[in-house]
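> Turn this into a model:
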Amino acid sequence: MQEAGGTLNFKHIIIHKGTDHHSAFPEIIRLQNGELLTLFRQAPVRPGNGIAGDTYEAATHYHKDTSSRGALVRSLDDGETWDPSTFVIVDPADGKQDHNMGMIAQVSSGEILVNNIRLFADLDEEAAEEFEGKRTLFPYATNRAGGTMAFDSLYLIRSSDNGHTWGAPQPFGVETMDYWSHTGQTGVVELPDGTWLTPFHGSTHPDETDRSFIARSSDGGQTWGQATTVAYDPEQRISFHEPPLLRLSNGRLLTVIRTAGADDYMYQAFSTDDGWTWQGLKRTQIHGHPSHLIELQSGRILCTYGHRHDPMGIRAVFSDDQGETWDMDHMVVIRDDGMDRDLGYPASIQMKDGRILSTYYIHGEDGIRYIGGSIWSEEKALA
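From the prediction side, this is the model:
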């Protein structure tokens, strides 16, 4: 196992940090023009609980917040630096809904797509009763800004100018999954014939555990067909959450899925028919959540994931056989200095010189979550 800060000589950078907003859940892509974009969710920094020594003593934030928004920053030097002046709000806060978990992709036309979810907020008792059994309901709790909430819809936001400006968010749904749908850990994956595939998780009714599924569109995201199940437990013990989707150079599709009810070990599956059917569902040795997948120039698959067990931080593993097995003997500890569980959601990209940039969210003593990055070497990790 490679330890953070050892022979790998990690270069840790700040991709985006503010003082008025907590930033989390990053996704990174390379545009056709070579620029890198990192998309993330923001929620206001709110007063802490004042308990001396507590993580939230000075400041806190909510993962469900009616003042949340989607934003991005870009790098013009292949990820080495991220100019704060490139900051763009993709999905502005409206004070009425929670805007959550955006994923980003660029398709062959050059259009950039962000898909995320929204929650209705501040529901009174009568409105909440109307949603009961029809939409996932989040009863009022003190750890969110927005009162009682309910799932609204998936949303798609488009840009035709490399992410500098964005159109209005448009709601969309997936047939039979209107009770609850949640984004995966990657955005749209475009097949050679122009079909769009997008990973999600959700459930069809209140008594069902979450499944991972793929939705597809053959008309540029205007409509989405019947969901194809990737992973589901008919015995209702394991829920499958936040799947990434990777299309390998040979056309095979791979996912490594976060779970609940499986001791925090992730499961994986693959498809050889463009996602219509899925095979090989099995528990991995990867302990953490959630994951992100890329195929490296070497042909290896890199799986980056958050580790919310002591020592908390960010980790990565490689596969030499298209994701059939993972080299746990060369597990890379990218960060092991996490101060509590509220961290992770990494995404990685390979830089032009072959190094890897892994992004994630984390925080220091001030308690404000920020988007960090670590630049490191595949070759040194496997030496």
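
> give the contact list for the residue minimising distance to the centre of the chain.
Taking CA atoms, centre = their mean, the centroid of the chain lies closest to residue 185, which sits 3.6 Å from it. Contacts for residue 185 (CB atoms under 8 Å, 6 or more residues apart in numbering) come out as 27, 103, 199, 242-244, 290-292, 345, 347. Using the backbone N, CA and C atoms, a C-beta is placed for each residue, glycine as well.

> Without its sequence neighbours, what residue ends up closest to it?
residue 244 (3.9 Å; CB to CB, 6 or more residues apart in numbering).

> surely the one you found meets residue 187?
No - Residue 244 is beyond contact range of residue 187, at 10.1 Å (criterion: CB atoms under 8 Å).

> I'd like the distance between the residue nearest to residue 185 and residue 258.
Residue 244 sits 9 Å away from residue 258 when distances are taken as CB to CB, to the nearest Å.

> so what sits against both of the two?
Common contact partners of residue 244 and residue 258 (CB under 8 Å, 6+ apart): 290-291.

> Now do the SS call for the residue lying farthest from the centre of the chain.
Ranking residues of the chain by C-alpha distance from their mean position (CA atoms, centre = their mean) puts residue 126 at the top, at 33.3 Å. With DSSP: H, G, I helix; E, B strand; the rest coil as the basis, the three-state label of residue 126 is helix.

> quick one: it and residue 279, what's the gap?
47 Å.

> Please apply the same query to residue 349.
28 Å.

> Those two: who's more crowded?
residue 349 (20 against 10; other CB atoms under 10 Å).

> and the helix or strand containing residue 257, which residues are buried?
Using DSSP states H and E, residue 257 falls within strand 253-260. Of all the residues in strand 253-260, those buried under the rule 16 or more other CB atoms under 10 Å are 253-259.

> And for stretch 330-343?
331-335, 338, 342-343.

> Kindly present the residues you listed as JSON lines, with separate columns for secondary structure and distance to residue 318.
What follows is the buried residues of stretch 330-343, written out as JSON lines (DSSP: H, G, I helix; E, B strand; the rest coil; distance: CB to CB, whole Å):
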{"residue": "331", "secondary structure": "coil", "distance to residue 318": "9"}
{"residue": "332", "secondary structure": "strand", "distance to residue 318": "8"}
{"residue": "333", "secondary structure": "strand", "distance to residue 318": "14"}
{"residue": "334", "secondary structure": "strand", "distance to residue 318": "13"}
{"residue": "335", "secondary structure": "strand", "distance to residue 318": "18"}
{"residue": "338", "secondary structure": "coil", "distance to residue 318": "22"}
{"residue": "342", "secondary structure": "coil", "distance to residue 318": "27"}
{"residue": "343", "secondary structure": "coil", "distance to residue 318": "22"}
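
> Show me which of those is closest to residue 192.
residue 332 (32.2 Å; CB to CB).

> confidence score at the closest one?
Per-residue confidence (pLDDT) for residue 332: 97.

> Next: the one 4 residues further on.
pLDDT, residue 336: 96.

> these two touch, right, it and residue 313?
Yes - Residue 336 is in contact with residue 313 according to CB under 8 Å; the separation is 4.3 Å.

> Now do the strands in the stretch 101-250 of the chain.
112-120, 137-138, 149-159, 170-172, 180-183, 189-190, 196-203, 211-217, 228-231, 239-241, 246-247 (DSSP state E, counting those that start in this stretch).

> Report the two of the contacts of residue 185 separated the most.
199 and 345 (14.6 Å).

> Tell me, how many residues neighbour residue 222?
So residue 222, with other CB under 10 Å, has 10 neighbours.

> Please name the residues that touch the closest residue to residue 323 other than its chain neighbours.
Excluding the flanking residues, the one nearest residue 323 by CB to CB, 6+ apart is residue 254, at 4.5 Å. Residue 254 makes contact with 245-246, 248, 268-270, 293, 301, 322-323 under the criterion CB under 8 Å, 6+ apart.

> how much space is there between residue 254 and residue 280?
Distance from residue 254 to residue 280, by CB to CB: 10 Å.

> could you redo the buried residues of stretch 330-343 as TSV and give each row distance to residue 194?
Listed next are these as TSV, based on distance: CB to CB, whole Å:
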residue	distance to residue 194
331	38
332	36
333	40
334	36
335	39
338	41
342	39
343	37
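
> now, among the residues you listed, which is nearest to residue 80?
residue 334 (17.3 Å).

> Leaving out chain neighbours, which residue sits closest to that closest one?
Using CB to CB, 6+ apart, the nearest residue to residue 334 is residue 314, at 4.2 Å.
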